[in-house]
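Novice: Structure for this input, please:
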Amino acid sequence: MAATLRELRERRNSVSATMKITKAMELIAASRVNRAELKAQSAREYTLELHRAVNAVATFAQVEHPLTREHRERKRSAVLVISSDRGLAGAYPGNVSRAAEGLIDLLESKGITVQLFTVGKKAMEHFAFRGVPVEQSWYGFGEAPHYEHAREIGQVLMQRFLTHQDEGGVAELHVVYTQFNSLVSQRVRIVRLLPLQVVEADQDEGEEELGPDLSSPEGLVPDYAFEPDAETVLNALLPMYIIDSIKFMLRQSAASELASRQQAMHSATDNAQELIRELTRQANQARQAEITQEITEIVGGAGALSAS
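Specialist: Now for the predicted structure:
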């Protein structure tokens with residue numbers, strides 16, 4: 001019985017130590033998620049205005065650009081998967097990886113070769129473990145992405161899109177990321193970023209194919225004047241828009257990761273507290289049984305001495 005009591009106390013101490021770690025991680029995630037949410041919201045506003053400007057140039061100027069040109073034959077497609085660098089974030093990395101696998105299976109079923117790019121160690125390790133080749137990976141900035149990271153990723157992907165398919169280029173670019181809705185709600189989204197589809201002036205600007213989930217409150221496009229000319233403006237705006245869209249999705253994923261980690265650590269802390277209560281109850285019962293046995297042995301020994 002003493003050994004059982006000792007084991008229960010050791011388990012309780014171990015769970016208590018683990019609970020302190022999960023509680024600390026929950027507090028750290030809670031302190032960071034608010035900043036990440038503000039950054040994601042600010043990135044959304046800028047991307048929306050840039051989106052409107054690109055639509056205005058392409059719609060009214062009727063200028064064709066390589067980044068908007070549809071390929072007649074799709075031989076290769078690039079897939080960018082945005083995940084996390086660290087675990088302990090609940091189902092967040094698993095949901096992203098499963099959505100990416102579903103997209104890859106769909107493209108391959110159509111006879112399209114997939115070139116995979118990943119952001120975050122979890123996605124890289126997930127596909128490496130399954131033997132899926134990864135063209136290029138970026139990691140180390142999952143919780144705090146900056147414009148420089150998005151620019152590096154965007155330049156690589158745009159160069160791959162502008163390269164002819166027979167020379168290793170791709171016909172389209174899909175992105176798998178997690179949209180941040182609230183602290184308790186995040187949704188994995190799959191968007192086609194390239195070739196960029198331009199929304200006509202009489203259409204809704206919240207089209208999912210454009211990439212980030214953006215909505216126009218008015219749906220009206222101002223009458224722009226382009227200097228020096230529409231083609232020059234479009235050549236400058238489109239690469240900026242692609243890079244900024246990637247930055248937007250990186251920040252959405254960062255906020256989603258922190259929110260998922262906060263929820264996961266909160267649940268782990270609650271489970272640890274419940275387990276500690278149960279182990280404490282079992283330890284008390286074991287201690288009471290031990291005391292009862294000792295009393296019984298003392299009484300029995302005293303009775304034996306009296307009888308002799």
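Novice: Whichever strand or helix holds residue 48 - contacts with which helices or strands?
Specialist: Under the criterion DSSP states H and E, the helix or strand holding residue 48 is helix 2-61. Judged by 3 or more Cβ pairs under 8 Å, 6 or more residues apart in numbering; DSSP states H and E, the packing partners of helix 2-61 are helix 230-307. Every residue, glycine included, has its C-beta placed from N, CA and C.
Novice: How far off centre is the helix it packs on?
Specialist: Helix 230-307 has its C-alpha centroid displaced from the chain centroid by 21 Å (Cα atoms, centre = their mean, to the nearest Å).
Novice: Now do that helix, average pLDDT.
Specialist: Averaging pLDDT along helix 230-307 yields 86.
Novice: how far off helix 2-61 does that helix point, in degrees?
Specialist: 170 degrees (axes from the mean of the first three to the mean of the last three Cα atoms, to 10 degrees).
Novice: and helix 230-307, what does it pack onto?
Specialist: So helix 230-307, by 3+ Cβ pairs under 8 Å, 6+ apart, packs with helix 2-61, strand 76-82, helix 92-109, helix 147-162, strand 172-182, strand 185-194.
Novice: and the nearest residue to residue 226 once chain neighbours are set aside, what is it in contact with?
Specialist: Leaving aside its sequence neighbours, residue 226 sits nearest to residue 233 (Cβ to Cβ, 6 or more residues apart in numbering; 4.8 Å). By Cβ atoms under 8 Å, 6 or more residues apart in numbering, the residues touching residue 233 are 57, 226-227.
Novice: Report the buried members of those residues.
Specialist: Listed as buried from the contacts of residue 233 are residue 57; burial here means 16 or more other Cβ atoms under 10 Å.
Novice: Lowest-confidence entry in the contacts of residue 233?
Specialist: residue 226 (74).
Novice: Is that one located within a helix, as I assumed?
Specialist: No - assessed with DSSP: H, G, I helix; E, B strand; the rest coil, residue 226 is coil; it does not lie in a helix.
Novice: wouldn't it be in contact with residue 53 here?
Specialist: No - if you go by Cβ atoms under 8 Å, residue 226 and residue 53 don't touch, sitting 10.0 Å apart.
Novice: Where does the prediction get shaky in the protein?
Specialist: The model of the chain has pLDDT under 70 over residues 1-3, 60-63, 197-224, 307-308.
Novice: and if we set it to 80?
Specialist: Low-confidence segments of the chain, defined by pLDDT under 80: 1-5, 42-45, 53, 55-65, 68, 196-231, 297, 299-308.
Novice: and the contacts of residue 233 as TSV, adding distance to residue 254?
Specialist: Conversion of these to TSV gives the following (distance: Cβ to Cβ, whole Å):
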residue	distance to residue 254
57	30
226	35
227	36
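Novice: of the contacts of residue 233, closest to residue 139?
Specialist: residue 57 (34.9 Å; Cβ to Cβ).
Novice: my read: residue 18 touches residue 271, true?
Specialist: No - under the criterion of Cβ under 8 Å, residue 18 makes no contact with residue 271, lying 9.9 Å away.
Novice: what sits against the nearest residue to residue 161 once chain neighbours are set aside?
Specialist: Among residues not flanking residue 161 along the chain, residue 194 sits closest, at 4.9 Å (Cβ to Cβ, 6+ apart). For residue 194, the contact set (Cβ under 8 Å, 6+ apart) comprises 67, 157-158, 161, 172-173, 242.
Novice: and residue 139, how many neighbours?
Specialist: Using other Cβ atoms under 10 Å, residue 139 has 16 other residues around it.
Novice: wait, residue 157
Specialist: Quick note: residue 157 (other Cβ under 10 Å) scores 24 neighbours.
Novice: Would you quantify the distance from it to residue 25?
Specialist: Plainly put, residue 157 is 33 Å away from residue 25 if you go by Cβ to Cβ, to the nearest Å.
Novice: How about residue 231?
Specialist: Applying Cβ to Cβ to residue 231 and residue 25 gives a distance of 51 Å.
Novice: From the neighbour counts alone, determine which of the two ranks first.
Specialist: Between residue 231 and residue 25, residue 25 has the larger neighbour count (other Cβ under 10 Å), namely 20 against 14.
Novice: What distance do you get for that one to residue 274?
Specialist: Relative to residue 274, and taking Cβ to Cβ, residue 25 is found at 18 Å.
Novice: So residue 239 sits against residue 157, correct?
Specialist: No - applying Cβ under 8 Å as the test, residue 239 and residue 157 come out as separate, 10.9 Å apart.
Novice: Around residue 19, how many other residues sit close by?
Specialist: 18.
Novice: In contact with it, which residues are there?
Specialist: Residues counted as contacts of residue 19 (Cβ under 8 Å, 6+ apart) are 268-269, 272-273, 276.
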